[in-house]
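Peer 1: Predicted model, plus sequence, below.
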Amino acid sequence: FRQSGGPQLYAQAAFGPATGFQVGWLLLQAIRASRAANFHVLVSYLAAILPFFADPMIHSATVLGLIGLITLINIVGMRVAVGGLVVGTLCKLTPIVLICLVGYATKGLATEFALPTFGAVEGTALLIYYAFAGGIANGYAAGEVKNPRRTIPRTMIQSLFAIIAFYMFVQFAFNAVAPDVSDANTPLAAMGEAVLGETGALMMALAAIFSIATNQHTFWMTGPRIMFGMARRGLLPAWLTHLSSRSEVPDYSIYLFSTIVAALSLSGGFVLLAEVMGVGSQLIGFFAYAAFVVLRLRGQAGHPQAIGVWWWLCIAVASAYSIFAIIQASLNAFSLTGGLIALGTGLYFIAKRDETFTPEPEFD
């Protein structure tokens, strides 16, 4: 597709506007839940620097304040938002790389390790997915990318390998330093303290804060635009297509996105919200696999109505992982997911319009 939307667009083209809406709502739910989860981690690192933020009431108030700040930045305009990403990226990478290099120089490489038990692997399946889930996000904005059919798959693969390499670089340094992680909420700060004392702890805490804040900012630029695109295609209320007269950003979509993230941030801690994000993402995956099959079997413009055996193998492996990951979620995560789906269903019927628009796919 040469339009933005990602899985929401695939499901709408394959199964119609009602299913497309629910997949889009699940996608937005996953994005919003992960944003709410990350704010809890960000404030935990603030508390590592200033214990004042550890108080539960201060913690919640700070989360809401940060949501207001990032909303304001995105409302000002796209140029300011992109500039913030560049600054945040430099601020988050520099101290992490420095601490890791000092750790390698002083401790070498870890020569001993213990494999986790099966129960530990099982329990962290959704959290691992959470750590890598952003690799598909560039597909959400395909309509604004030059030559998307070439650029997007290439950048997905390149970014995946870059993320794996960086995670390994940090994790191996962490293993070599072997810091005390009695406070499991701030492991990077513990690593920095083990390497450079209080200065190292401060550096890593600041790096974590900038890293999380930059990640939040990125999805604040994409999430509301998914809502905006759904509204333009007739799947959400027309008022969500409103653009700011000053900055020409979808301001009403940004405000609604921020309001829901704020509500979610008060509904639970990091693990619950990460599980909600994982459940929503796996459900989206099932719809995406099914949409792929339907669109390929339909064929178009002389392309064969068939799917190769290797594609069926990919679908089988992906589906098996999705089933394994989704059953690890807690009952509370399923309950919250179900409530959000019910809310989305109600909004769909309220927003139901006479005309919907579904773009056609383009096959290579």
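Peer 2: Looks like it arrived, so ask away.
Peer 1: ok, longest helix in the protein?
Peer 2: What stands out as the longest helix in the chain, according to DSSP state H, is helix 187-232.
Peer 1: Can you report how many residues lie near R296?
Peer 2: R296: 19 surrounding residues under other Cβ atoms under 10 Å. C-beta coordinates here come from the backbone N, C-alpha and C atoms, glycine included.
Peer 1: re the thing from before, which positions within the helix or strand following the longest helix of the chain qualify as buried?
Peer 2: Once the chain leaves helix 187-232, the next helix or strand it forms, by DSSP states H and E, is helix 251-265. Neighbour-count burial for helix 251-265 flags 251-258, 260-262, 264-265 (criterion: 16 or more other Cβ atoms under 10 Å).
Peer 1: could you redo these as CSV and give each row pLDDT and distance to G77?
Peer 2: Output for the buried residues of helix 251-265, formatted as CSV (pLDDT from 0 to 100; distance: Cβ to Cβ, whole Å):
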residue, pLDDT, distance to G77
D251, 91, 11
Y252, 93, 16
S253, 91, 15
I254, 92, 12
Y255, 94, 15
L256, 92, 19
F257, 91, 17
S258, 93, 16
I260, 88, 23
V261, 89, 20
A262, 89, 22
L264, 80, 26
S265, 82, 25
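Peer 1: Next, format those residues as CSV and append distance to S322.
Peer 2: Shown next, in CSV, are the buried residues of helix 251-265 (distance: Cβ to Cβ, whole Å):
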residue, distance to S322
D251, 35
Y252, 33
S253, 28
I254, 30
Y255, 33
L256, 28
F257, 26
S258, 29
I260, 24
V261, 25
A262, 29
L264, 22
S265, 26
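Peer 1: list the helices and strands the helix or strand containing F287 packs on?
Peer 2: Remark: F287 resides in helix 270-298, with elements defined by DSSP H and E. If you count contacts as 3 or more Cβ pairs under 8 Å, 6 or more residues apart in numbering; DSSP states H and E, helix 270-298 packs onto helix 7-15, helix 17-49, helix 125-132, helix 251-265, helix 309-326, helix 331-351.
Peer 1: Out of those helices, flag the one nearest T151.
Peer 2: Comparison of the helices and strands packed on helix 270-298 against T151 by Cβ to Cβ identifies helix 7-15 as nearest, at 16.9 Å.
Peer 1: helices and strands around the longest helix of the chain, which ones?
Peer 2: Here helix 187-232 touches helix 7-15, helix 17-49, helix 56-76, helix 78-107, helix 148-177, helix 251-265, going by 3+ Cβ pairs under 8 Å, 6+ apart.
Peer 1: elements contacting the third one?
Peer 2: Yep, that's helix 56-76 we're talking about. helix 17-49, helix 78-107, helix 187-232, helix 251-265.
Peer 1: And for the second one?
Peer 2: Under the contact criterion of 3+ Cβ pairs under 8 Å, 6+ apart, helix 17-49 touches helix 7-15, helix 56-76, helix 187-232, helix 251-265, helix 270-298, helix 331-351.
Peer 1: can you check the fifth one too?
Peer 2: Counting contacts by 3+ Cβ pairs under 8 Å, 6+ apart, the secondary-structure elements packed against helix 148-177 are helix 78-107, helix 125-132, helix 187-232.
Peer 1: By average pLDDT, which secondary structure element in this protein comes out worst?
Peer 2: Least confident element among the helices and strands of the chain, by mean pLDDT, DSSP states H and E: helix 118-123 (a mean of 61).
Peer 1: picking that back up, tell me the one of the buried residues of helix 251-265 nearest A306?
Peer 2: Closest approach between those and A306, by Cβ to Cβ: S253, at 39.3 Å.
Peer 1: In contact with the closest one, which residues are there?
Peer 2: P224, R225, M227, F228, A231, L240, H242 (Cβ atoms under 8 Å, 6 or more residues apart in numbering).
Peer 1: about what we covered before: among the helices and strands packed on helix 17-49, which comes closest to F39?
Peer 2: Here helix 56-76 is closest among these (Cβ to Cβ), at 4.5 Å.
Peer 1: Could you export the closest one as CSV, CA atoms only?
Peer 2: The C-alpha trace of helix 56-76 is given here as CSV (Å, rounded to 0.1, in the frame of the first residue of the first chain):
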residue,chain,number,x,y,z
PRO,A,56,3.4,7.2,44.6
MET,A,57,1.4,10.4,44.4
ILE,A,58,4.4,12.3,43.1
HIS,A,59,5.1,9.5,40.7
SER,A,60,1.5,9.6,39.2
ALA,A,61,1.5,13.4,39.0
THR,A,62,4.9,13.4,37.2
VAL,A,63,3.6,10.9,34.6
LEU,A,64,0.7,13.2,33.9
GLY,A,65,2.9,16.2,33.7
LEU,A,66,5.2,14.5,31.2
ILE,A,67,2.2,13.5,29.1
GLY,A,68,1.2,17.2,29.0
LEU,A,69,4.7,18.2,28.0
ILE,A,70,5.1,15.8,25.2
THR,A,71,1.6,16.7,23.9
LEU,A,72,2.6,20.3,23.8
ILE,A,73,5.8,19.6,21.8
ASN,A,74,3.8,17.6,19.2
ILE,A,75,1.2,20.3,19.0
VAL,A,76,3.7,23.0,18.3
